[in-house]
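K.L.:
Need a 3D model of the following:
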Amino acid sequence: MKQFLVIGLGRFGTAVATELSRLGHEVLAVDRHMENVEAVADIVTHAVCTDASQEDELAALGVSNFDAAIVAIGGDLQASILITMLLKEAGVPYILSKAKSHLHAKILEKMGADKVVQPEDEMGTRVARTLVSASVMDFIELSPDYSLVELGVPASWRGKALRELAVPAKYGINIIAIKDGNGGISVTPKAGDVLAEGQVLVVIGGNRDIEKVENLK
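P.N.:
Numbers count the residues shown, from 1 in each chain. Down below sits the predicted model:
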């Protein structure tokens, strides 16, 4: 069990705090608006209404005792940047900050954020990929050139074993898991596994190689 500090309880911050709590971790949720705090008070370990951009109020939370902090502030860029900097100075081991733009992201990185996310951009990319390809169920960009994607089994692969397809050699991607239609998943696919209609392949590889597989019939 880890201890997490979530600052900013909009949709993104609330979702993060709720899921961390569901997973059994201790969560201190912070927001300057009481209605946001009250909305998660019964879900997280502790919920506090305070202005975390004020150094003394942030220090009073004991931020150095947390394993990680999530700065989920959206609209107030100045507060987002200042809080990220203060958390870094306080010695928080890991800081994840939400950015509204690429420039905002660059500033947060310079202020000490270990990871910067842009949820709207990332979700937009995922939605676009699922719209343009009938075979793509989900998409996670790992870097500008590599992704992890859930694909339906191409028709030409159905009824064939992984050994026969030689996917890494022929297509340059790796199948890391296979989901069946009943919610089951195999995370260690074997060479003798035969692919079938209705299965979902979790693949990782270069974007160009993945796109070639998406276009297979």
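K.L.:
only C-alpha atoms for contact and neighbour calcs from this point on.
P.N.:
Will do.
K.L.:
nearest spatial neighbour of Leu108, skipping sequence neighbours?
P.N.:
For Leu108, ignoring the flanking residues on the chain, the nearest one in space by CA to CA, 6 or more residues apart in numbering is Ile81 at 5.9 Å.
K.L.:
Run a quick check on that neighbour versus Lys106, I expect a contact.
P.N.:
No: contact between Ile81 and Lys106 fails when scored by CA atoms under 8 Å: they sit 10.4 Å apart.
K.L.:
out of these two, which sits in the busier spot?
P.N.:
Applying other CA atoms under 10 Å to Ile81 and Lys106 shows that Ile81 carries more neighbours, namely 25 against 13.
K.L.:
Correct me if wrong, but the more buried one is in a helix.
P.N.:
Yes: residue state for Ile81 (DSSP: H, G, I helix; E, B strand; the rest coil) corresponds to a helix.
K.L.:
On the pLDDT front, check it for me.
P.N.:
As summarised for this prediction, Ile81 has a pLDDT of 95.
K.L.:
what about it, distance to Leu148?
P.N.:
30 Å (CA to CA, to the nearest Å).
K.L.:
Which strand or helix spans Val149?
P.N.:
In this structure, Val149 is located in strand 146-152 according to DSSP states H and E.
K.L.:
list the helices and strands that strand packs on?
P.N.:
Strand 146-152 is packed against strand 136-141, strand 200-206, helix 207-214, with contacts defined by 3 or more CA pairs under 8 Å, 6 or more residues apart in numbering; DSSP states H and E.
K.L.:
How far off centre is it?
P.N.:
Between the mean C-alpha point of strand 146-152 and the mean C-alpha point of its chain there is a distance of 15 Å (CA atoms, centre = their mean, to the nearest Å).
K.L.:
what's the angle from that strand to helix 207-214?
P.N.:
With axes from the mean of the first three to the mean of the last three CA atoms, to 10 degrees as the basis, strand 146-152 and helix 207-214 are set at 10 degrees to each other.
K.L.:
can you pull up the bridge partners for Ala47?
P.N.:
With DSSP bridges as the criterion, Ala47 is bridged to Ala29.
K.L.:
Return the residues in contact with it.
P.N.:
The contact partners of Ala47, taken as CA atoms under 8 Å, 6 or more residues apart in numbering, are 28-30, 37-38, 40-41.
K.L.:
Would you mind listing which of those are buried?
P.N.:
Taking 16 or more other CA atoms under 10 Å as the criterion, what is buried in the contacts of Ala47 is 28-30, 37, 40.
K.L.:
Domain boundaries for the chain, per the record?
P.N.:
What the record gives for the chain is the domain set 3-117, 122-214, from automatic domain parsing.
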